[in-house]
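> could you work out the structure for the sequence below:
(2 chains, ligands or ions: 4)
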Amino acid sequence: MKKYLVLLIFTFVTVTGNGENRFPKPDFESGYRYPEYTYEVPDETLWISLDLVALAGLMGVVAYSVLRKRKRMPVLIVSAISLAYFGFFRKGCVCSIGAIQNVALALTDSSYAVPLSVLLFFMLPIAFTLLFGRVFCAGVCPFGALQELLNVKNYRIPRVIAKTLEIIPWIYLIVALLLAVTHSAFIICRFDPFIGIFRFGGTVSMILFGAGLLILSIFTGRPFCRFICPYGAILSLFSRVAVWNVKIVKKPCINCDLCRHACHVDAIRPPYSNKIKENRTVGVRRILIYLVTLPLITLVGAVTLRTSSDLLSKTNKKVQLYDIVTDNNEQNPKDENYELEAFLGQGGKVEELALEVNEIKQKFKLYSTVAGAVIGIITGIMLINLSLKRTRKNYEIDDAACVNCGRCFEYCPQNR
Amino acid sequence: MARHTENKSNPATRRKFLRTCGAFIAGGVALTVSGITLKKLETEEPDMFWQIDPEKCIFCGRCETDCVLPVSAVKCMHANKVCGYCDLCGGYYRSSVKELNTAAENLMCPVGAIQRKFVEEPYFEYTIDEKLCTGCAKCAKGCNSFGNGSLYMQINQNDCTNCNECSIEKVCPADAIKRVKASGAYDLKES
Ligand code: SF4
Ligand code: SF4
Ligand code: SF4
Ligand code: SF4
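Numbers count the residues shown, from 1 in each chain, chains lettered A, B, ... in the order given. Ligands and ions are numbered 1, 2, ... in the order given. Predicted coordinates for the structure are as follows:
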């Protein structure tokens, strides 16, 4: 199936008198020739190009069918295709969600470059979202597609709970960025609940988590997308200002409430008239309150994460190694301690490691302060958003949350 | 937001205006990020594959157990030009071996992936059947402790799914697994 372009031919230099060899190289008398091995490096160019074409093409199909044709069926077909191709066939690496970390690392680390394909995986959905809303999420993302296809019932999560949980993707995103730019871990990849299902293998806990989410997604729309996915959080920002967005109905709305019940991610807000007319002083006071609380929450976030930066730095392998190396006395020497063995074997010096670890911890301190502040700001903005009461004459789609699934306009009686 | 400004136009147009501003900002951010990352590609060859540095590997055996694949993508490779072609091969026989015969209980490889062929007195050629190898590194450990170290571990790039985060890399005690450029996809022992 794979095509090989680059063939690495095994050619060596004959060594003479390599002191490390315990046994001398044999002198063959029978004219024996060393076997030649070829190690192939898979040339994935073709597949990656196909991936990118499929990615853009499927997003295009979704955009056309949802925005122009206003049909849901193509979205379901796209979901099935994407699930089969990106999910089970390509086994989902690298995906747009995980690419966040590569791009973040490329932006901060001068020695790390991301392949063009990874950048495109990250950027194409964003570009499409800026134009058409979250058409990627509609069914091109295999994770979204999986949950979309499983969803049959639409039990509503109480708004308070939903709004509280919606902060998780942001926290997840910021922490993932923090750990990526410090070379500690790619947690989005490690805690990916669905990849194990696509690969029919993985750690038991992650597969159980994934299965749990899938069962949940039968009863309520897209729990992963709404309450976990960090890429969804990024896309929601771009979707908010998208050039074209889904409209429920072009004719007058008859306020039947059907669309709101149809939406599985609770993205439709009912009409609301803000009766309380705010006078100037109240308005000024409200803005003052915002001006005070926002920095306060930011500060709280920054301080909290700064204090836990030591804990966060334990995700870094060097820091872990340092801990292992320094408290080996307490450990049972009979335990197999490969880390220590390797460290000593490579001639590592504890002092040098200590210096390095110190630097990493310092970095962590700085970055986690920033991360905490950003989490604080986001929480603050979300709270402010909740407190704003905006008048709506019609049922309106919250563009940030809408995943362009196409349910609402199929349900709207005015569209029949 | 813009409530306290002098903007007297109705909320709908105001919202539209803010939205357009937002769209431009968002587009600008996206372009900048792409620009910076693209620029880098001009000077830097991107890291594409995961590979083991045989100089660092200590044959801990985690390669076999921690790969996301059911059968690890890590395989044993054999550098014939390093090999001593010994009869009593530290990678082929267990160290506790009493009789040099090919009964399974004498052999190091739990899956029988090492093939042995008589060349001439007293030399034997060893070959790895990569289809059988599970990457347990037992043979390589034996060979490195008692022999020339011609058996060593590499990620077979055809089996590897190229995870965005190699899960063996996360547990490798020797920090032997690194992202490498396509030109260095294999780190072969040559001499
Ligand atoms: S929110 Fe995340 S998981 Fe869901 S469809 Fe969008 S990118 Fe995929
Ligand atoms: S995990 Fe690391 S040390 Fe262990 S066998 Fe694999 S490469 Fe070698
Ligand atoms: S002993 Fe382990 S690493 Fe060596 S050939 Fe057999 S399965 Fe592969
Ligand atoms: S990248 Fe993935 S498939 Fe390849 S060796 Fe590492 S864990 Fe296994």
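
> from here on, just use CA atoms for contacts and neighbour counts.
Fine.

> residues making contact with the lowest-mean-pLDDT helix or strand in chain B?
Using mean pLDDT, DSSP states H and E, strand B:114-120 stands out as the lowest-scoring helix or strand of chain B, at a mean of 85. When contacts are defined by CA atoms under 8 Å, 6 or more residues apart in numbering or on different chains, strand B:114-120 is touched by residues A:28, A:29, A:30, A:32, B:92, B:124, B:125, B:126, B:127, B:128, B:129.

> same check on stretch A:51-69?
Under CA under 8 Å, 6+ apart, the answer for stretch A:51-69 is A:71-72, A:74-75, A:78, A:86, A:117, A:120-121, A:124-125, A:128, A:132, A:135-136, A:138-140, A:244-247, A:404-406.

> just to revisit the earlier point, out of the contacts of strand B:114-120, which are buried?
Buried by 16 or more other CA atoms under 10 Å in any protein chain shown: B:92, B:124, B:125, B:126, B:127, B:128, out of the contacts of strand B:114-120.

> show me which of these is closest to ligand 3.
Closest approach to ligand 3 among the buried ones among the contacts of strand B:114-120 (CA to the nearest ligand atom): residue B:128, at 5.8 Å.

> any idea what the closest one is bridged to?
Residue B:128 has these beta-bridge partners by DSSP bridges: residue B:114.

> list the buried residues of the lengthiest helix in chain B.
Longest helix of chain B, by residue count under DSSP state H: helix B:11-43. Across helix B:11-43, burial judged by 16+ other CA under 10 Å covers B:19, B:22, B:23, B:26, B:27, B:30, B:33, B:34, B:37, B:38, B:40, B:41.

> which one of the buried ones among the contacts of strand B:114-120 is nearest ligand 4?
residue B:128 (18.2 Å).

> separation between the closest one and residue A:85?
According to CA to CA, to the nearest Å, residue B:128 stands 34 Å off from residue A:85.

> next: residue A:416.
Distance of residue A:416 to residue A:85, given as CA to CA: 34 Å.

> which one of the two has more residues nearby?
residue A:85 (17 against 7; other CA atoms under 10 Å in any protein chain shown).

> which phi and psi does the more buried one have?
phi -80, psi -60 (degrees, to the nearest 10).

> what about residue A:252, which SS state?
Put simply, residue A:252 is coil when judged by DSSP: H, G, I helix; E, B strand; the rest coil.

> now do the contacts for it.
Per CA under 8 Å, 6+ apart, neighbours of residue A:252: residue A:414.

> circling back: now the contacts of stretch A:51-69: which count as buried?
Buried members of the contacts of stretch A:51-69, scored by 16+ other CA under 10 Å, are A:71-72, A:74-75, A:78, A:86, A:117, A:120-121, A:124-125, A:128, A:132, A:135-136, A:138-140, A:245-247, A:404-406.

> take the residues you listed and keep only those in helices.
Using DSSP H, these in helices are A:74, A:75, A:78, A:117, A:120, A:121, A:124, A:125, A:128, A:132, A:135.

> what's the closest of these to residue B:87?
residue A:117 (49.1 Å; CA to CA).

> excluding chain neighbours, what is closest to the closest one?
Distances taken as CA to CA, 6 or more residues apart in numbering or on different chains place residue A:48 nearest to residue A:117, at 6.9 Å, with adjacent residues excluded.

> which strand or helix spans that neighbour?
Using DSSP states H and E, residue A:48 sits within helix A:45-63.

> for the record, mean pLDDT for stretch A:47-61?
If you average the pLDDT over stretch A:47-61, you get 93.

> pull out the buried residues from it.
So, applying 16+ other CA under 10 Å, buried residues of stretch A:47-61: A:51, A:52, A:54, A:55, A:56, A:58, A:59, A:60, A:61.

> is ligand 3 contacted by stretch B:78-85?
No. Using CA under 6 Å from any ligand atom, stretch B:78-85 never reaches ligand 3; the gap is at least 9.3 Å.

> what is the rounded mean pLDDT of that stretch?
The model assigns stretch B:78-85 a mean pLDDT of 86.

> please apply the same query to stretch A:177-190.
Predicted confidence along stretch A:177-190 averages 92 (mean pLDDT).

> tell me who's in contact with residue A:393.
A:271, A:272, A:273.

> what's around residue B:140, how many residues?
29.

> what about residue B:75, which helix or strand?
According to DSSP H and E, residue B:75 maps onto strand B:74-78.

> also residue B:175?
Following DSSP H and E, one finds residue B:175 outside all helices and strands.

> quick one: it and residue B:56 touch, right?
Yes. Counting by CA atoms under 8 Å, residue B:175 does reach residue B:56; the two are 7.3 Å apart.

> what about the two, which has more around it?
Just comparing residue B:175 and residue B:56: by other CA under 10 Å the higher neighbour count belongs to residue B:175, 21 against 16.

> so who does the more buried one touch?
By CA under 8 Å, 6+ apart, the neighbours of residue B:175 are B:56, B:57, B:169.

> just put those residues in a markdown table and tack on distance to residue B:110 and pLDDT.
Below are the contacts of residue B:175 laid out as a markdown table (distance: CA to CA, whole Å; pLDDT from 0 to 100):
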| residue | distance to residue B:110 | pLDDT |
| --- | --- | --- |
| B:56 | 24 | 91 |
| B:57 | 20 | 92 |
| B:169 | 24 | 92 |
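
> what would these look like in TSV with secondary structure and distance to ligand 2?
Shown next, in TSV, are those (DSSP: H, G, I helix; E, B strand; the rest coil; distance: CA to the nearest ligand atom, whole Å):
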residue	secondary structure	distance to ligand 2
B:56	coil	7
B:57	coil	4
B:169	coil	7
